[in-house]
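> take a look and give me a structure for this.
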Amino acid sequence: MTAVSLTPAGPFSLAAGVRFLEDFTPACYSGTADEVLRLAFPADDGHSTVAAVVRQEETADGAAGTVRAEFTVHPGVPDGDLDGSPADPASAGAGPVSAECGSRPDEAVRAQLARILSLDVDGSGFPALAADPVVAGLMAEFPGLRPVCFHSPYEAAVWAVIGHRIRMTQAAAIKARLAERYGRRVQVAGRTLHAFPTPPVLRAITRIPGLTEVKTERLHALAEAADAGELDAARLRAMPVDDALTALRTLPGIGPFSAELILIRGAGHPDVFPHHEPRLHAAIATAYGLDETASGDIGRLAGIADGWRPYRSWIGLLLRARAERIGRHPS
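Below you'll find the model as predicted:
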């Protein structure tokens, strides 16, 4: 097991992130009273699986404490063994991956964990946005909450295809069954977790109960795109936003809404205003006291969001979190 430290720049609360995940249906996350984050996911290398436990240190002055993560990297199934059968963790390799030929897998996993928690972004300038009274209210309501992203653009894209035109709870159940049947089973701080299948494993699954043949084919195409580097988070974030969204829309089953989801919540881009998310637009209009018609005026809403730069994705998350809270506890 490898231990690494992540030092937040700006406000950050792991406990707030855990609470967010518990209410985020795609995550299927069940937390515990210890506020420790337990994760299992395909590594960015496209073949390995990571099991991680994440904790945050407490500080006497209320500052953002250092985040400590311990993780193990498990090797993938050899290509010749991919027959779509249920995953057997004991047969997937002899043990954790070690660095070979000068490679640094531990550093890559550390970077992936930082991206998942939005700790790869300098948030020291975030408190200054409280000059906007709406943003100040959001920060007070959700102190320290940063976006908790999908484990990778690959998983975000898979979620987008699975969830297209079906209920979110139904999509979450399908995704969870895929993880339980074909993903690696790992033990993380006393709990059993199932990671989502890696791209090579997903590509070998011929039939997925609950999904049409078209959706299954699209998932295969996404697995191939991930293998080809088309869903690489660093690559997507390095591109101009419009270029990244255009590239994502070339993938089968990925439309404008899904492309924004992948870039914001998959690649962890901190500064994107979604043009194709009506619920967020309605939340902005409500928060700023605009009339109902304003939620359809994308230019006006984008102008408001310009005041959130360079954290437009982060404020968007806080607005979604408030809308979800109001939806669960209407006045």
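> from residue 309, how far off is residue 281?
Applying C-beta to C-beta, to the nearest Å, the value for residue 281 to residue 309 is 18 Å. (Each C-beta comes from the backbone N, C-alpha and C, glycine too.)
> what about the two, which has more around it?
Looking at residue 281 and residue 309 with other C-beta atoms under 10 Å, you find the greater number of neighbours at residue 281, namely 22 against 13.
> average model confidence for the helix or strand containing the more buried one?
For residue 281, the host element (DSSP states H and E) is helix 278-287. Throughout helix 278-287, pLDDT has a mean value of 96.
> check which residues of that helix are buried.
By neighbour count, with 16 or more other C-beta atoms under 10 Å as the criterion, the buried positions of helix 278-287 are 280, 281, 282, 283, 284, 285, 286, 287.
> swap in stretch 216-226?
Buried residues in stretch 216-226, counting neighbours by 16+ other C-beta under 10 Å, are found at 216, 218, 219, 220, 221, 222, 223, 224, 225, 226.
> what do you get for stretch 187-194?
The neighbour-count criterion (16+ other C-beta under 10 Å) identifies 188, 189, 193, 194 as the buried residues of stretch 187-194.
> just put those residues in TSV and tack on secondary structure and distance to residue 108.
Formatted as TSV, the entries for the buried residues of stretch 187-194 read as follows, by DSSP: H, G, I helix; E, B strand; the rest coil; distance: C-beta to C-beta, whole Å:
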residue	secondary structure	distance to residue 108
188	strand	19
189	coil	22
193	strand	20
194	strand	22
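> for residue 320, state which of the residues you listed is nearest.
In terms of C-beta to C-beta, no member of the buried residues of stretch 187-194 lies closer to residue 320 than residue 193, at 25.3 Å.
> partner residues bridging that closest one?
Beta-bridge pairing of residue 193 under DSSP bridges involves residue 186.
> wait, it sits on residue 180?
No: because the distance of 10.0 Å does not satisfy C-beta atoms under 8 Å, residue 193 is recorded as not touching residue 180.
> just the CA coordinates for the helix or strand that contains residue 181, please, in PDB.
Using DSSP H and E, the secondary-structure element containing residue 181 is helix 168-182. Taking Å, rounded to 0.1, in the frame of the first residue of the first chain, the C-alpha atoms of helix 168-182 are listed here in PDB:
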ATOM      1  CA  MET A 168     -31.300   7.800 -12.900                       C
ATOM      2  CA  THR A 169     -32.000   5.200 -10.300                       C
ATOM      3  CA  GLN A 170     -32.300   2.600 -13.000                       C
ATOM      4  CA  ALA A 171     -29.100   3.700 -14.700                       C
ATOM      5  CA  ALA A 172     -27.300   3.600 -11.300                       C
ATOM      6  CA  ALA A 173     -28.500   0.000 -10.700                       C
ATOM      7  CA  ILE A 174     -27.200  -1.100 -14.100                       C
ATOM      8  CA  LYS A 175     -23.800   0.500 -13.500                       C
ATOM      9  CA  ALA A 176     -23.600  -1.100 -10.100                       C
ATOM     10  CA  ARG A 177     -24.400  -4.600 -11.500                       C
ATOM     11  CA  LEU A 178     -21.700  -4.200 -14.100                       C
ATOM     12  CA  ALA A 179     -19.200  -3.400 -11.300                       C
ATOM     13  CA  GLU A 180     -20.300  -6.300  -9.100                       C
ATOM     14  CA  ARG A 181     -20.300  -8.800 -12.000                       C
ATOM     15  CA  TYR A 182     -17.300  -7.700 -14.000                       C
END
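> ok, and what's touching it?
Contacts made with helix 168-182 from outside it, assessed by C-beta atoms under 8 Å, 6 or more residues apart in numbering, are listed as 25-26, 28, 84, 86-87, 158-159, 162-163, 194-197, 201-202, 205, 208-211.
> enumerate the positions of that helix that are buried.
Of the residues in helix 168-182, those scored as buried under the neighbour-count criterion (16+ other C-beta under 10 Å) are 171, 172, 173, 174, 175, 178, 179, 181, 182.
> now for residue 36, how many residues are close by?
For residue 36, the tally of surrounding residues (other C-beta under 10 Å) stands at 18.
> no, scratch that, I was asking about residue 28
Residue 28: 15 surrounding residues under other C-beta under 10 Å.
> you'd agree residue 267 is up against residue 238?
No: with contact taken as C-beta under 8 Å, residue 267 and residue 238 are classed as non-touching, separated by 9.8 Å.
> the two: which has the busier surroundings?
Set side by side, residue 267 and residue 238 give different neighbour counts by other C-beta under 10 Å, the larger being at residue 267 (25 against 11).
> could you measure from the more buried one over to residue 259?
11 Å.
> swap in residue 127?
Remark: distance between residue 127 and residue 259 (C-beta to C-beta) = 30 Å.
> and those two? Which one has more around it.
More neighbours sit around residue 259 than around the other of residue 127 and residue 259, counting by other C-beta under 10 Å; the figures are 24 against 13.
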